[in-house]
Every structure is written in structure tokens, then in C-alpha cells.
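J.: Return atomic coordinates for the entry below.
(one chain, ligands or ions: 1)
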Amino acid sequence: MRSDSGLGRVLVIVPTYNEADDITVVAGRLRASVPEAHLLIADDNSPDGTGKIADEMAESDGHIHVMHRPGKQGLGAAYLAGFRWGIQHDYDVLVEMDADGSHRPEELPRLLTALERADLVLGSRWVTGGRVVNWPRSREWLSRCGSAYSRFMLRLPVRDVTGGYRAFRAGALTGLDLDEVRSQGYCFQVDLARRAVSAGFRVVEVPITFVEREHGVSKMSRAIVVEALWRVTVWGLTSRLGARRAG
Ligand SMILES: Nc1nc2c(ncn2[C@@H]2O[C@H](COP(=O)(O)OP(=O)(O)O[C@H]3O[C@H](CO)[C@@H](O)[C@H](O)[C@@H]3O)[C@@H](O)[C@H]2O)c(=O)[nH]1
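T.: Okay, the predicted model is just below:
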């Protein structure tokens, strides 16, 4: 049950909303890549039956677990529920991974190796060696700008602030007050990064290749972009004001 790396028990949390075309393949690739890891699929009652497919996989594989949630509540809420489940079940490492194959399970061993000298490993598209494949130029631009803006506003010493392929030491994550996290969409990733940095986590970035999904659609929406923009702006201005008052 313990990982070969000596890190302890590894749980990979995969949030799903309408990922019926991909979840079986991604779960199979993950099981082949890191056989000792467990997988938690956190499904928001996907209309396309992803939850049922996940149940069928869990019935035949003791390493696969399913969390059924009542409806679409956002990526952040699904991850928070997954983290709590993982911490309750005594996992030592909690991994975030998309269900659509964008985050290649074959790269997870490299993230886990890097975690041996870190509390948080960020799979990074924007460090040397990292890249994106088949992303529309407009989406790459949005993501690069989102990371750059977040880095600047929050003074974060990492390149890929919005990415969602990450490995945490559970012991470090329990030091963050997850009950305070309100971010729902993709800015959840920025929120956790800023909390980790300000809590003094050892953060390491590892280059990854992010491959655009071949099936299904991105759940990125205008509301997700707006939430990220206003939350990052408010966090940035609040911390600058606080620093000015203290100084
Ligand atoms: N349970 C649940 N899962 C969700 C929800 N919204 C999205 N997901 C799941 O979250 C994962 C990522 O969603 P995508 O819609 O595939 O993301 P993307 O557009 O490819 O975005 C990627 O880039 C973002 C910005 O850099 C990243 O923040 C994100 O993690 C991801 O890597 C997928 O597994 C998707 O099913 C939700 O409301 N509920």
C-alpha cells in the first residue's frame, strides 16, 4: 500500500463533470503508471453517466474510490471534498489531476520524486521543458496572462500558478485552513498556491506537457474567468494595503 518512493500512501483525486469518454482510459493509465496509488473520482452527478462508469470501475478495483456529489459545484469544491476524504483516510500524498488526459499519468512518478524534497509540487507548463500541445492560441494566451497577473498581484515565486496537476504532502495541507477557502472555479488553484507560499511550504515546479483533451469539452466559462480576476485582484490589493499599513 505504501508508495515505492517512501512518501507513503498516495491518493490521486480526479474531479469529474461529464468525462464519460475519458475517465476509464485515464484511470487505466494511472493504474499502470503508479500501481500503488489510489484514485478518488469526485463526480458532480454528471448527466453523461460518468459516476456510474466510476462505480463500475470501483467494483472491480479496490484502488478506485468514488465520491458522488449532488450537482455541479465547481472544481474547487470537488477538490476540497476530495482532500478532506483523503486526510480522513490517512493518505500521505494528495494529488490533483484532470480526468481528460491533459495531465499525463505517465508524468506522475516525476512529480512524486520531486515531492521527496518538497511540500507541494506544481506540474508546470511555463518553466523550461514544460509545454502545451494542441491548445488554441487564445487559451494559451489566457492561461499565460492569468498566471503572470496572479504572480504579479500576489508576488508568487512560481511560473504556473493556475495549473491543476499538483502533488501535496497531506501533512502540509492539513496546516492550511481549508474551511476558509471560498474559490470555486479554476482560481481555486491560485488560492491554494498563495496559501501554500504564505504558509512557508517548500514549493517545487516540475515541467509537464499539457495535452489538450481529445474528447468532451473544457468547463472553462466566462464566470470562471471573472471569479479569478476579481478574487486575485482583491487578494493582491488587500495584501498590499496590509503591508503598507504595517510598514
Ligand atoms: N466535480 C467537478 N469537476 C469539475 C467541475 N468543473 C470541471 N471539473 C473537472 O475538472 C477537470 C478540469 O476541467 P477542464 O474543463 O478539463 O479544464 P481545462 O479547461 O482543461 O483547464 C485546465 O486548465 C486550467 C487553467 O490552467 C486549470 O486550472 C485546470 O485545472 C485544467 O488543468 C476535469 O476533470 C473536469 O471534469 C465541477 O464543477 N465539478
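J.: at contact distance from the ligand, anything in stretch 116-125?
T.: No: remark: stretch 116-125 sits outside contact range of the ligand, by Cβ under 6 Å from any ligand atom, the gap being at least 8.0 Å. C-beta: built from backbone N, CA, C; applies to glycine.
J.: same question for that stretch, mean pLDDT?
T.: Per-region confidence: stretch 116-125 scores 98 on mean pLDDT.
J.: Need the distance between the two termini of that stretch.
T.: Distance between the two ends of stretch 116-125: 21 Å, counting by Cα to Cα, to the nearest Å.
J.: any residues touching that stretch, and which ones?
T.: Residues outside stretch 116-125 that contact it (Cβ atoms under 8 Å, 6 or more residues apart in numbering): 5-7, 103, 107, 111-112, 114-115, 130-132, 143, 158-160, 163, 165-169, 172, 193, 196, 201-210.
J.: just checking, Gly185 touches Gln73?
T.: No: if you go by Cβ atoms under 8 Å, Gly185 and Gln73 don't touch, sitting 10.5 Å apart.
J.: neighbour count winner among the two?
T.: Gly185 (20 against 16; other Cβ atoms under 10 Å).
J.: who touches that one in this structure?
T.: When the contact criterion is Cβ under 8 Å, 6+ apart, the partners of Gly185 are Gly74, Leu75, Gly76, Ser221, Ala223, Ile224, Glu227, Ala228.
J.: rerun that using 7 Å as the cut-off
T.: By Cβ atoms under 7 Å, 6 or more residues apart in numbering, Gly185 lies in contact with Gly74, Leu75, Gly76, Ala223, Ile224, Glu227, Ala228.
J.: Please work out how many residues are found near the residue of the chain found nearest the ligand.
T.: The shortest separation between the chain and the ligand is 2.2 Å, found at Gly164 (distances taken as Cβ to the nearest ligand atom). Close neighbours of Gly164, defined as other Cβ under 10 Å, add up to 20.
J.: Quick one, which of the contacts of stretch 116-125 are buried?
T.: Neighbour-count burial within the contacts of stretch 116-125 applies to 7, 103, 107, 111-112, 114-115, 130, 132, 143, 158-160, 163, 165-169, 172, 193, 196, 201, 203-210; the criterion is 16 or more other Cβ atoms under 10 Å.
J.: Which strands and helices lie in contact with the top helix by length along the chain?
T.: Longest among the helix segments of the chain by residue count, using DSSP state H, is helix 222-246. Using 3 or more Cβ pairs under 7 Å, 6 or more residues apart in numbering; DSSP states H and E as the contact definition, the elements that helix 222-246 packs against are helix 137-154, helix 187-198.
J.: partners of the helix or strand following the last one, with directions?
T.: The first helix or strand that comes after helix 187-198 along the chain, using DSSP states H and E, is strand 203-207. Using DSSP bridges, the neighbouring strands of strand 203-207 in the sheet come out as strand 120-124 (parallel).
J.: Okay, angle between the strand it pairs with and helix 187-198 too, please.
T.: Our comparison of strand 120-124 with helix 187-198, counting by axes from the mean of the first three to the mean of the last three Cα atoms, to 10 degrees, yields an angle of 130 degrees.
J.: Between helix 137-154 and strand 120-124, find me the angle.
T.: Angle, strand 120-124 to helix 137-154, by the same axes, to 10 degrees: 140 degrees.
J.: So which residues on the chain come close to the ligand?
T.: By the rule Cβ under 6 Å from any ligand atom, the part of the chain lying against the ligand is 15-17, 19, 42-44, 72-75, 78, 98-100, 102, 143, 162-164, 186, 189, 218-220.
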